[in-house]
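Q: 3D model of this:
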Amino acid sequence: ERQSAAVSRSPEEFAFFDARGTRVGRYTDQTGGPSLFEGSELPVLTLSLTDQLVVLDPKGTPMTVVPADSPWSVRIVGESVYTRGTFTDIDNANAVWEKFALKTGDHVSSCTGAPLEDGAFVGSDGTVAVGRLDDKAPIIAVDTNTCEVVWQIESPAPTWMIGSTLVQAKR
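A: Numbering: from 1, shown residues only. Below is the predicted model:
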């Protein structure tokens, strides 16, 4: 069942509700001035005074804390958290993504050119990220542990990932 987070009266307290609107948990932050990071698969708070992100489960329980200097993008895939800072290259092909283990917060790798940005990402099996870095670029699959491109498809046709199947429109 899908969960969502909502900010309560205090900027340090976040309440969590299920799909029926029943409150299922809360998180209170003591660092001063956290903000909810928009667009992530799980609730992620930017802890502004600590240069850290805290990833919460759907009930508001902290899962992990990862370092993030001025985070620009966050993506959670499988058991990993990926962060991209505001000061990394805006071009997706040169952007540096930091990979952390979701359960421990341990740093796993730093990859350049992984298709993890919202407009680039197609899907993942948990380790390999699939996507295209711009509208005219080939579809690539990048192993996020080694940062190597494991395969690519030159077709410009729209592509989706449905479950574990890659689907491409016929052009």
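Q: Just name the shakiest helix or strand of this structure by mean pLDDT.
A: strand 3-7 (a mean of 53; mean pLDDT, DSSP states H and E).
Q: For burial, what's the neighbour tally of S110?
A: Using other C-beta atoms under 10 Å, S110 has 11 other residues around it. In this view, the C-beta of every residue, glycine as well, is placed from N, C-alpha and C.
Q: in this structure, which ranges drop under the pLDDT threshold?
A: 1-11, 32-33, 48-49, 70, 86-92, 171 (pLDDT under 70).
Q: quick one on the thing from earlier: how about the very next helix or strand once past the least confident helix or strand of the chain, which residues are buried there?
A: Scanning forward in sequence from strand 3-7, with DSSP states H and E defining helices and strands, the next element found is strand 13-18. By 16 or more other C-beta atoms under 10 Å, the buried positions in strand 13-18 come out as F14, A15, F16, F17.
Q: Kindly report the same for stretch 16-31.
A: Within stretch 16-31, the residues scored as buried using 16+ other C-beta under 10 Å are F16, F17, G25, Y27, D29.
Q: of all those, which comes closest to G39?
A: Nearest to G39 among these, counting by C-beta to C-beta, is F16 at 17.2 Å.
Q: Show me the beta-bridge partners of the closest one.
A: Here F16 sits in beta bridges with A5, G25, going by DSSP bridges.
Q: just to revisit the earlier point, what's the closest of the buried residues of stretch 16-31 to D118?
A: When these are ranked by distance to D118 (C-beta to C-beta), F16 comes first, at 23.4 Å.
Q: Bridged to the residue nearest the centre of the chain, which residues?
A: Residue closest to the average C-alpha location in the chain (C-alpha atoms, centre = their mean): R75, at 0.7 Å. For R75, the beta-bridge partners are Y82 (DSSP bridges).
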